[in-house]
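K.L.:
with the input below, show me the fold.
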Amino acid sequence: MSRIETGPLRFGKDWTGVFIRGDNAVSMAADLEVLNDILGQDNFYQLKLREIINLFTSCVEGKEGVVIQCITDFTHSMEKK
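P.N.:
Next up is the predicted model:
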């Protein structure tokens, strides 16, 4: 079984979503932290970035309050549009 890479991902006939591998997510969160610091406090965009940062760092194993969705297996196929 090959691993799922960061990018568009669809489960069966469900909507296509975007999967971000944990190592990519943590790296992106660190970059967004820098941008968030630049925006300063009490800024609407700073609050929205915090939500994204929290989502990206939710992949860190053992993070309190995080529920991880799990699948047992997947069928890997590529569909080029």
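K.L.:
give me the residues contacting the longest helix anywhere in the chain.
P.N.:
For the chain, the helix with the greatest residue count under DSSP state H is helix 22-39. Residues from elsewhere that reach helix 22-39, judged by Cβ atoms under 8 Å, 6 or more residues apart in numbering: 6, 20, 45, 46, 49, 50, 52, 53, 56, 57, 59, 60. From N, CA and C alone the C-beta is placed, and that goes for glycine too.
K.L.:
what is the helix or strand following it packed up against?
P.N.:
As assigned by DSSP states H and E, the chain's next helix or strand after helix 22-39 is helix 44-57. For helix 44-57, the helices and strands in contact under the criterion 3 or more Cβ pairs under 8 Å, 6 or more residues apart in numbering; DSSP states H and E are helix 22-39.
K.L.:
for the helix it packs on, the distance to its chain's centre please.
P.N.:
Relative to the chain's own centre, helix 22-39 is displaced by 11 Å; criterion: Cα atoms, centre = their mean, to the nearest Å.
K.L.:
returning to what we had before: would you write a PyMOL line that selects the buried entries of the contacts of helix 22-39?
P.N.:
The PyMOL command for the buried members of those (criterion: 16 or more other Cβ atoms under 10 Å) is given here:
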select buried, resi 20+49+53+56+57+59
